[in-house]
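Undergrad: sequence below, structure please.
(chains A and B)
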Number of protein chains: 2
Amino acid sequence: MSSHRASSSVITLYDLKGGSGSSQPWAPNIWRVRFILNYKRLRYRTVWVDFPDVESILSSLGAPPSSFRSNGRPVYTLPVLVDPSRNPGRPLILSNTNNISEYLEATYPSKPVFPPGSRALQSLYAHYIQEVLAKPLLPLLVPLSHQQLDHRSQSYFRAPGGLTGPPSSATNQPLPPGPERERQWLQAKEQFDFLDSILAKNVGDGDGIVAMGFEVSYADFALCSVLMWIRQVALHDGWSRIQHWNGGRWEQLWQKCSPYMDNH
Amino acid sequence: MSSHRASSSVITLYDLKGGSGSSQPWAPNIWRVRFILNYKRLRYRTVWVDFPDVESILSSLGAPPSSFRSNGRPVYTLPVLVDPSRNPGRPLILSNTNNISEYLEATYPSKPVFPPGSRALQSLYAHYIQEVLAKPLLPLLVPLSHQQLDHRSQSYFRAPGGLTGPPSSATNQPLPPGPERERQWLQAKEQFDFLDSILAKNVGDGDGIVAMGFEVSYADFALCSVLMWIRQVALHDGWSRIQHWNGGRWEQLWQKCSPYMDNH
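TA: Residues are numbered from 1 along each chain as shown, chains lettered A, B, ... in the order given. Next comes the predicted model:
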């Protein structure tokens, strides 16, 4: 564990391991935290966790559960962030994307992601992205995300006790090319069209690309996290569509966020 | 029409006449415009229109329809705003709350309701208020609003050709006291509870009451317009509940907006 000790004063981000053992971040909730860390130029290392190990690793770490099942059993989800900078002997362990985001902003206020007085409006925007805009993407992207996991994680999801697995393995099958898939993409496009009309209101009062004028902020990271997911799991039948929608707005947003995609 | 001529350089707001011939504004969409006019201290007069006369008055005025039915017939709704200030001989006639709001901000930029770079986020917030937060209030408030209209307007709604009338007169009956009404108020409360958690994010970065920090803005007017509707049609079984929810947050918001409830 010398590598752990060597970096014990550095923030640790627990992230979900991608397909075939690769360490490409893909989960949108975790990207939101990753964007903030990169934007604030905070030093951090990533611990990659396989799906079947999330519960055992997080409970042994003493991470707070995200929620509890009706039978009282705790539910553990990523991201989890460990920050030893204030007290190396007893590092702070945080779960839940919103909590972590608010903690990072309060603790590392330079390069704010919430310009003054914008927390409420940005939080509602992020909620909207997650609960409304991303909804029609789920039947398209969840099976593709599943397909890119390694064999052990896929089996875990197919097992009836799988942590957040769908009830039947049938839903793990990607939609084949054809009218059903096209209908689903059309529903996704309707959501993007609406958000396009909202963001266009900033033309003349901003660049019309980012949510708050000219500078990227939390709201943009919330949306770009979804774009990152689409690119990662559906580059050819997903991102290649979306990047041309709404006059290229989403490609432009992706470009605006691209300086904050790498850990410095 | 001398009164019209005398005030021909003044903005005119077309609003829906309230119950029993009273001229108390109640419709939330129109309140949103009224708040902006009052906040910017613009001089305007109100023309009160009965529901059955909306179409004939607006079409003879040459107001733009809000939308078109599938058979091509135009749909006219209030608010409509007439502004002769730039060209008294050919006044500008606008319909649709969002259009009117954006026009007023662009034309009368002092005392902005959209602080720089906030148009997109505030517009999404207003959309959310109207489409999500206000939804469970409809079965509670629409029949009460109907009941307060005068006899002619009530009959108009009951007629099958009524402009936006519900399909059956049964839906015009207010929910009687009892478990069904309580369930409906509980659904409304869940929406307010969620918005409370969003607005609370501004505590420490604002007063935690208004949407953008310390100063009222368009987002607050959008929400307070719904509160005005509740107070106007359901003072005892509506506002008396809501004003105590979430630590009195909604009463406090109402107070924050109260300086902008009167035409100066």
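Undergrad: what about the closest residue to residue A:69 other than its chain neighbours, how many neighbours?
TA: Excluding its sequence neighbours, the residue lying closest to residue A:69 (Cβ to Cβ, 6 or more residues apart in numbering or on different chains) is residue A:75, at 6.1 Å. Where C-beta positions appear, they are placed from N, C-alpha and C, glycine not excepted. Applying other Cβ atoms under 10 Å in any protein chain shown, we find 14 residues neighbouring residue A:75.
Undergrad: so where's the longest helix in chain A?
TA: helix A:179-199 (DSSP state H).
Undergrad: about what we covered before: show me what contacts the residue nearest to residue A:69?
TA: A:65-69, A:163 (Cβ atoms under 8 Å, 6 or more residues apart in numbering or on different chains).
Undergrad: name the nearest of the residues you listed relative to chain B.
TA: residue A:67 (15.1 Å; Cβ to the nearest Cβ).
Undergrad: tell me the spacing between the spatially most central residue of chain A and chain B.
TA: Centroid-nearest residue in chain A, with Cα atoms, centre = their mean: residue A:28, separated by 1.8 Å. From residue A:28 over to chain B the distance is 19 Å, taken as Cβ to the nearest Cβ, to the nearest Å.
Undergrad: kindly report the same for residue A:228.
TA: 21 Å.
Undergrad: same question for residue A:16.
TA: 27 Å.
Undergrad: number of nearby residues for residue A:10?
TA: Using other Cβ under 10 Å: residue A:10 sits among 14 other residues.
Undergrad: so whichever residue of the stretch 1-150 of chain A sits closest to chain B: helix, strand or coil?
TA: For the stretch 1-150 of chain A, the residue closest to chain B is residue A:117, as judged by Cβ to the nearest Cβ, at 2.5 Å. What DSSP: H, G, I helix; E, B strand; the rest coil gives for residue A:117 is coil.
Undergrad: ok, the residue nearest to it when sequence neighbours are not counted to residue B:256 distance?
TA: Computed as Cβ to Cβ, 6+ apart, the closest residue to residue A:117 that is not its neighbour in sequence is residue B:213, at 2.5 Å. Going from residue B:213 to residue B:256 by Cβ to Cβ, to the nearest Å gives 12 Å.
Undergrad: list the buried residues of the longest helix of chain A.
TA: Within helix A:179-199, the residues scored as buried using 16 or more other Cβ atoms under 10 Å in any protein chain shown are A:184-185, A:188-189, A:191-192, A:195-196, A:198-199.
Undergrad: and chain B, which of those residues contact it?
TA: A:198-199 (Cβ under 8 Å from any Cβ of the partner chain).
Undergrad: pLDDT added to the buried residues of helix A:179-199, as JSON lines?
TA: Formatted as JSON lines, the buried residues of helix A:179-199 follow (pLDDT from 0 to 100):
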{"residue": "A:184", "pLDDT": "96"}
{"residue": "A:185", "pLDDT": "97"}
{"residue": "A:188", "pLDDT": "98"}
{"residue": "A:189", "pLDDT": "98"}
{"residue": "A:191", "pLDDT": "98"}
{"residue": "A:192", "pLDDT": "98"}
{"residue": "A:195", "pLDDT": "98"}
{"residue": "A:196", "pLDDT": "97"}
{"residue": "A:198", "pLDDT": "97"}
{"residue": "A:199", "pLDDT": "96"}
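Undergrad: more neighbours: residue B:213 and residue B:256, which one.
TA: Each of residue B:213 and residue B:256 has its neighbours counted (other Cβ under 10 Å); residue B:213 has more, 21 against 17.
Undergrad: checking that one next. Helix, strand or coil?
TA: Three-state call for residue B:213 (three-state DSSP): coil.
Undergrad: confidence score at residue A:150?
TA: At residue A:150, the model reports a pLDDT of 85.
Undergrad: equivalent analysis for residue A:155, please.
TA: 82.
Undergrad: for residue A:204, same thing?
TA: On the pLDDT scale, residue A:204 gets 84.
Undergrad: just give me the neighbour total for it.
TA: The number of residues packed near residue A:204 is 10, by other Cβ under 10 Å.
Undergrad: which of the helices or strands spans it?
TA: Using DSSP states H and E, residue A:204 falls within no helix or strand.
Undergrad: tell me which of the contacts of residue A:75 fall in strands.
TA: A:67-68 (DSSP state E).
Undergrad: and the contacts of residue A:75 as TSV, adding neighbour count and distance to residue B:240?
TA: What follows is these, written out as TSV (neighbours: other Cβ atoms under 10 Å in any protein chain shown; distance: Cβ to Cβ, whole Å):
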residue	neighbour count	distance to residue B:240
A:65	16	39
A:66	16	37
A:67	10	34
A:68	10	35
A:69	9	38
A:163	14	45
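Undergrad: which stretches in the stretch 151-264 of chain A count as helices?
TA: Using DSSP state H, counting those that start in this stretch, the helices found in the stretch 151-264 of chain A span residues A:151-158, A:179-199, A:218-233, A:240-242, A:249-257.
Undergrad: which one of these lies nearest to residue A:53?
TA: helix A:151-158 (9.2 Å; Cβ to Cβ).
Undergrad: which other helices and strands contact the closest one?
TA: Under the contact criterion of 3 or more Cβ pairs under 8 Å, 6 or more residues apart in numbering or on different chains; DSSP states H and E, helix A:151-158 touches helix A:138-147.
Undergrad: and the residue of the stretch 1-150 of chain A closest to chain B, how many neighbours?
TA: 20.
Undergrad: try the one 10 residues further on
TA: With neighbours defined by other Cβ under 10 Å, the count for residue A:127 comes to 16.
Undergrad: how about the residues of chain A near chain B?
TA: So chain A meets chain B at A:102, A:114, A:116-125, A:127-128, A:198-199, A:201-202, A:205-206, A:211-214, A:219 (Cβ under 8 Å from any Cβ).
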